[in-house]
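Asker: only the shape, not the letters, is given here:
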C-alpha cells in the first residue's frame, strides 16, 4: 500500500468514526464531579398589603459542587445526583447551605435518542451539615428531561412545585440556572452557577 493510499484510508476511517460518534450522541446524563461558583438573588415581597413594607432583597456569591454517579434503585440502573451549595447564612433562607440529592432513572427516549425522559425515584434536601434524608417519589413522576442539541446537553429537573433547575453541559463546563418560589410563595430565589469538571 502506497503512502498516499494509507493516508486516504486513515482519513476515511476517521471521517467514519466521527460520523458514528455524532450519530450515537444521546441525551444520556454524563457522570463526574464538577466544582465552581454561583450567584443568587432573593426577592421577598410579603403575603399581603400589611406586610408589603417587609420587602427584602438579598444576594450573594457562593461555592458549589455537582456530583453525578452510577446508582441502582429497585434493581434498575439509575444516576445519583448530589449538589452542595455553600451560600452562607442569610436572613430569609434556612441554614448556611443547600444540600440536595436526587436519584434519576431513564424512562424513555424519543426523537432518535436526542431527547430522554427521566423519573425522579428519590429526593432529599437539607440546609445544614446533616446528610439529606432520601424519600421515594411516587411512580410515574417523570420530572426531568434531557435534550441533546449538537454538542450541548440540556437537563431540566422539576424537583418540587416552584423548584426547578436547568443544567447546560458543554464539554467540561456546566452552567446551572434555577428558581425556587413564586407568586404563591411570597417571594422567589434565582441562581446561576458555572462549574468545571474535576474528574
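Answerer: Happy to help now that I have it. Every value quoted in this text rests on a predicted model; they were computed, and no experiment measured them. Numbering: from 1, shown residues only.

Asker: can you list the low-confidence ranges for the chain?
Answerer: Applying pLDDT under 70 to the chain picks out residues 1-25, 46-53, 184-185.

Asker: now for it: which strand has the highest residue count?
Answerer: strand 56-73 (DSSP state E).

Asker: who does it pair with, and is each partner parallel or antiparallel?
Answerer: Here strand 56-73 has these sheet partners by DSSP bridges: strand 32-44 (antiparallel), strand 76-86 (antiparallel).

Asker: quick one, what contacts the residue positioned nearest the centre of the chain?
Answerer: Nearest to the geometric centre of the chain sits residue 167, at 4.2 Å (CA atoms, centre = their mean). By CB atoms under 8 Å, 6 or more residues apart in numbering, residue 167 lies in contact with 66, 153, 154, 155, 156, 157, 174, 175, 176. The way it works is simple: take the backbone N, C-alpha and C, and place the C-beta from them, glycine included.

Asker: how far away is it from residue 115?
Answerer: Distance of residue 167 to residue 115, given as CB to CB, to the nearest Å: 15 Å.

Asker: please apply the same query to residue 82.
Answerer: Plainly put, residue 82 is 25 Å away from residue 115 if you go by CB to CB.

Asker: one more: residue 54?
Answerer: Relative to residue 115, and taking CB to CB, residue 54 is found at 43 Å.

Asker: in terms of packing, which of the two has more residues around it?
Answerer: Each of residue 54 and residue 115 has its neighbours counted (other CB atoms under 10 Å); residue 115 has more, 17 against 11.

Asker: could you give the bridge partners of that one?
Answerer: Beta-bridge partners recorded for residue 115 (DSSP bridges): residue 110, residue 147.

Asker: quick check: buried residues in the host helix or strand of residue 145?
Answerer: Secondary structure assignment for residue 145, by DSSP states H and E: strand 144-149. Neighbour-count burial for strand 144-149 flags 144, 145, 146, 148 (criterion: 16 or more other CB atoms under 10 Å).

Asker: outside of that strand itself, list whatever touches it.
Answerer: In this structure, residues lying in contact with strand 144-149 by CB under 8 Å, 6+ apart are 25-29, 104, 113-120, 153-158.

Asker: ok, back up a step: quick one: the closest residue to the residue nearest to the centre of the chain other than its chain neighbours from residue 90, how far?
Answerer: Closest residue to residue 167 apart from its sequence neighbours, by CB to CB, 6 or more residues apart in numbering: residue 155 at 4.1 Å. Look at residue 155 and residue 90: by CB to CB, they are 27 Å apart.

Asker: and the contacts of strand 144-149, which of them are buried?
Answerer: So, by 16+ other CB under 10 Å, the buried ones in these are 27, 29, 104, 114-116, 118-120, 153-155, 157.

Asker: next, format the residues you listed as a markdown table and append distance to residue 78.
Answerer: Below are these laid out as a markdown table (distance: CB to CB, whole Å):
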| residue | distance to residue 78 |
| --- | --- |
| 27 | 16 |
| 29 | 10 |
| 104 | 6 |
| 114 | 21 |
| 115 | 19 |
| 116 | 13 |
| 118 | 9 |
| 119 | 9 |
| 120 | 10 |
| 153 | 18 |
| 154 | 20 |
| 155 | 14 |
| 157 | 14 |
